[in-house]
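Participant: Here is a sequence together with a model predicted from it:
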Amino acid sequence: VQLQASGGGLVQAGGSLRLSCAASISGFSVKSMAWYRRAPNKERELVATINDNAATHYADSVQGRFTIFRNIAKNTVYLQMNNLEPEDTAVYYCNADLLRPGRSFVYSYWGQGTLVTVSS
């Protein structure tokens, strides 16, 4: 299993970025995918999740500004980030919770981080 995250960069406050996470998951199905972030000197926090029914959940701090969505055919999840704030500066990580056919055990995988820097 491989998760390849991309799309980070430097943007001014009020700007937008779109993160992508392409998953190579041969032999697995997706239970859910998510974006987390870790800001300097802070704990990792959940940003947004999307499950196999396309139900989404967002952290209060990004509700209304960020949108998580996916392309099932490409096994790719995206995070559209609008109206970015300096407080959104962090390394963003994608996560995938996967299932093997007929099994209930959840396998959790992480991609490498992608840095988002929002200047004021």
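Facilitator: Great, that's in hand.

Participant: drop to CA atoms for contacts and neighbour counts, all remaining ones
Facilitator: Fine.

Participant: SS state for the nearest residue to residue 87 once chain neighbours are set aside?
Facilitator: Excluding its sequence neighbours, the residue lying closest to residue 87 (C-alpha to C-alpha, 6 or more residues apart in numbering) is residue 118, at 7.6 Å. Three-state call for residue 118 (DSSP: H, G, I helix; E, B strand; the rest coil): strand.

Participant: Per-residue confidence, residue 118, what does it come out as?
Facilitator: pLDDT, residue 118: 98.

Participant: what sits opposite it in the beta ladder?
Facilitator: Beta-bridge partners recorded for residue 118 (DSSP bridges): residue 11.

Participant: these two touch, right, it and residue 82?
Facilitator: No: using C-alpha atoms under 8 Å as the test, residue 118 is too far from residue 82 to be in contact (11.3 Å).

Participant: Break down this structure into its strands, ranges please.
Facilitator: Residue ranges of the strands in the chain, as given by DSSP state E, are 2-6, 9-12, 17-24, 29-38, 45-51, 56-58, 66-71, 76-81, 90-99, 106-110, 114-119.

Participant: contacting residues around the closest residue in space to residue 36 that isn't next to it in sequence?
Facilitator: Sequence neighbours aside, residue 46 is the residue nearest to residue 36 in space, at 4.4 Å (criterion: C-alpha to C-alpha, 6+ apart). Contacts for residue 46 (C-alpha atoms under 8 Å, 6 or more residues apart in numbering) come out as 34, 35, 36, 37, 58, 59.

Participant: number of nearby residues for the residue lying closest to the fourth one once chain neighbours are set aside?
Facilitator: Distances taken as C-alpha to C-alpha, 6+ apart place residue 92 nearest to residue 37, at 4.2 Å, with adjacent residues excluded. If you count neighbours by other C-alpha atoms under 10 Å, residue 92 ends up with 28.
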